[in-house]
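**Q** my questions are about this predicted structure, shown below with the sequence.
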Number of protein chains: 6
Amino acid sequence: MTDIWLPSLLAENPQAGFELAIKLSRHSVKAIQPSDEIRMKLRGAYANDTAQLIASSQVIATFFQSVGAANDWWR
Amino acid sequence: MTDIWLPSLLAENPQAGFELAIKLSRHSVKAIQPSDEIRMKLRGAYANDTAQLIASSQVIATFFQSVGAANDWWR
Amino acid sequence: MTDIWLPSLLAENPQAGFELAIKLSRHSVKAIQPSDEIRMKLRGAYANDTAQLIASSQVIATFFQSVGAANDWWR
Amino acid sequence: MTDIWLPSLLAENPQAGFELAIKLSRHSVKAIQPSDEIRMKLRGAYANDTAQLIASSQVIATFFQSVGAANDWWR
Amino acid sequence: MTDIWLPSLLAENPQAGFELAIKLSRHSVKAIQPSDEIRMKLRGAYANDTAQLIASSQVIATFFQSVGAANDWWR
Amino acid sequence: MTDIWLPSLLAENPQAGFELAIKLSRHSVKAIQPSDEIRMKLRGAYANDTAQLIASSQVIATFFQSVGAANDWWR
């Protein structure tokens, strides 16, 4: 049975939508590198490397566009 | 005869849409590097390199925008 | 209790929207590297490295698209 | 006389649209490096370099958004 | 008092919109590196480095999407 | 007097729109590095470097989205 982690793109407000965008970003990485152990090790690397921190932010920004659209921008 | 791997962009829910975005990302790589063997070898490289993991996530995030739009964001 | 930092995507005008996009970019980095101390140290690195300055601008530009859409482009 | 290679963005289905996105990506590279010979040589380089494979996928994903929009997402 | 540099996203025509996209790109860099002196020094670096020139163009292209949308694509 | 190089985003068909996207990409680079001589020298560098060729294609793909939207995707 597949774990249900994304039942909906709806979020109560922009901040909850932002959190969802982060979740989507993390699941993307997980989809490519499923090992929790390896991801944990790698995390130390990118959390201290500004170029990678910025690239990660870009992924969050891109998912946030989807979450925002799905919530009709909370208008 | 061409293999039909993308009959539709419709997905039952956001999570299925996310899986479809991953499929589209993988097929993009396959379109440029069709050899299963080489891709398998390369996989070890990028699954352990955070910069490439993040870049791959960016591709997934971009395809997810298309899948989401095609499903009218599951509204 | 979670700190409320993004109650709304509404901004009075494009410039305020631009400031909000910067705030979203900073919070993205913060989500991945929560330590204020480490982020402060890293800041010196990317503020003086043009490649990273440009990549940061890309993140701002992407968030600005969301903020603009949420404000119906201030039309 | 200019070679007509993009008479329309219409594609019968998502998969045909995906193929069109690849075509657009290839023509982008061709527009900057018109020499078939040089492109052929370079191809070996990027088809075996995961970072470049991923970056190429990003281009395909971006063009796919255009093709999808032009086809009203095959709805 | 804050300097008003972005009172509106409206531009008379696409070319004026393109200029506005460049202005937005420059202000993004300025938001991260506020020192005029340092930015001036860095400018020499990226204006002569094709990879950074291309990355800067990507930022302009992304802001241009916002400016275009705000102007309903000058239709 | 400013040179008028972008009077309109309208293009007769997708291929003409693609050409316009290339023009926008070139003008972006020109906006940052105005010297024809330096750009000409740099051109040799990026036209033979696949990573930069791909990044340039990304810029074209992004501008193509704007041109396509402005032309209502030639529907």
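**A** Thanks, I have the structure now.

**Q** where along chain A do the strands fall?
**A** Using DSSP state E, chain A contains no strands.

**Q** residue ranges in it under the pLDDT threshold?
**A** Filtered on pLDDT under 70, chain A yields the residue ranges A:1.

**Q** what about the longest helix seen in it, near chain C?
**A** Ranked by residue count, the top helix of chain A under DSSP state H comes out as helix A:50-70. Yes - Helix A:50-70 lies within reach of chain C by CB under 8 Å from any CB of the partner chain, at A:50-51, A:53-58, A:60-62, A:64-65, A:68-69. From N, CA and C alone the C-beta is placed, and that goes for glycine too.

**Q** and stretch A:16-31, what's buried?
**A** A:16-18, A:20-22, A:24-29, A:31 (16 or more other CB atoms under 10 Å in any protein chain shown).

**Q** what lies in contact with it?
**A** With contact meaning CB atoms under 8 Å, 6 or more residues apart in numbering or on different chains, stretch A:16-31 is reached by A:5-6, A:9, A:11, A:39, A:56, A:59-61, A:63-64, A:66-68, A:71, A:74, B:18, B:22, B:53-54, B:56-57, B:60-61, B:64, C:6, C:24, C:27-28, C:31.

**Q** how does it look with 6 Å?
**A** The contact list for stretch A:16-31 (CB atoms under 6 Å, 6 or more residues apart in numbering or on different chains) reads A:11, A:59-60, A:63-64, A:67, A:71, B:22, B:53, B:57, B:60, C:6, C:31.

**Q** starting at the chain centroid, how far to it?
**A** Offset of stretch A:16-31 from its chain centre (CA atoms, centre = their mean, to the nearest Å): 2 Å.

**Q** now do stretch A:40-51
**A** The answer for stretch A:40-51 is 15 Å, by CA atoms, centre = their mean.

**Q** ok, it near chain D or not?
**A** No - residues of stretch A:40-51 are not located near chain D by CB under 6 Å from any CB of the partner chain, the shortest gap being 12.7 Å.

**Q** what's the burial count for A:Glu37?
**A** Using other CB atoms under 10 Å in any protein chain shown, A:Glu37 has 7 other residues around it.

**Q** can you check A:Ala70 too?
**A** A:Ala70: 22 neighbours (other CB under 10 Å).

**Q** same check, this time on A:Ser8
**A** If you count neighbours by other CB under 10 Å, A:Ser8 ends up with 11.

**Q** look up how far A:Ala61 lies from it.
**A** Going from A:Ser8 to A:Ala61 by CB to CB, to the nearest Å gives 21 Å.

**Q** and for A:Ile4?
**A** 26 Å.

**Q** quick check on those two: which one has the bigger neighbour count.
**A** Shown here are A:Ile4 and A:Ala61; by other CB under 10 Å, A:Ala61 has more neighbours (27 against 8).

**Q** what residues does stretch A:58-66 touch?
**A** For stretch A:58-66, the external contacting residues (CB under 6 Å, 6+ apart) are A:21-22, A:24-25, B:57-58, B:61, B:64-65, B:68, C:28, C:59, C:62-63, C:66.

**Q** re earlier: selection in ChimeraX covering whichever of the residues of helix A:50-70 next to chain C are buried, please.
**A** The ChimeraX selection below is limited to those of the residues of helix A:50-70 next to chain C classed as buried (16+ other CB under 10 Å):
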select /A:50,51,53,54,55,56,57,58,60,61,62,64,65,68,69
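
**Q** and of the contacts of stretch A:16-31, the nearest to chain D?
**A** Closest approach to chain D among the contacts of stretch A:16-31 (CB to the nearest CB): B:Ile60, at 8.5 Å.

**Q** so that closest one versus chain E, what's the distance?
**A** From B:Ile60 over to chain E the distance is 19 Å, taken as CB to the nearest CB, to the nearest Å.

**Q** end to end, how far does stretch A:6-23 reach?
**A** 9 Å (CA to CA, to the nearest Å).

**Q** correction: stretch A:26-41
**A** 14 Å.

**Q** what does stretch A:3-21 give?
**A** End-to-end distance (CA to CA), stretch A:3-21: 18 Å.

**Q** any idea how far it is from the chain center?
**A** Counting by CA atoms, centre = their mean, stretch A:3-21 comes out at 10 Å from the chain centroid.

**Q** ditto for stretch A:62-75
**A** Put simply, stretch A:62-75 sits 13 Å off its chain's centre (CA atoms, centre = their mean).

**Q** ok, now stretch A:50-64?
**A** With CA atoms, centre = their mean as the basis, the mean position of stretch A:50-64 lies at 9 Å from the chain mean.

**Q** need the max-distance pair from the residues of helix A:50-70 next to chain C.
**A** Maximum pairwise distance among those (CB to CB): 29.1 Å, between A:Thr50 and A:Ala69.

**Q** isn't A:Gln33 right next to B:Ala47, touching?
**A** Yes - taking contacts as CB atoms under 6 Å, A:Gln33 lies within contact range of B:Ala47: 4.6 Å.

**Q** first-to-last residue distance for stretch A:42-61?
**A** 21 Å.

**Q** ok, now which ones touch A:Gln52?
**A** A:Gln52 neighbours (CB under 6 Å, 6+ apart): A:46, B:50-51.

**Q** how many neighbours does the residue nearest to it when sequence neighbours are not counted have?
**A** Of all residues not flanking A:Gln52 in the chain, A:Tyr46 sits nearest, at 3.8 Å (CB to CB, 6 or more residues apart in numbering or on different chains). Counted with other CB under 10 Å, residues neighbouring A:Tyr46 total 21.

**Q** wait, A:Tyr46 touches B:Thr50, no?
**A** Yes - with contact defined as CB under 6 Å, A:Tyr46 counts as touching B:Thr50 (4.1 Å).
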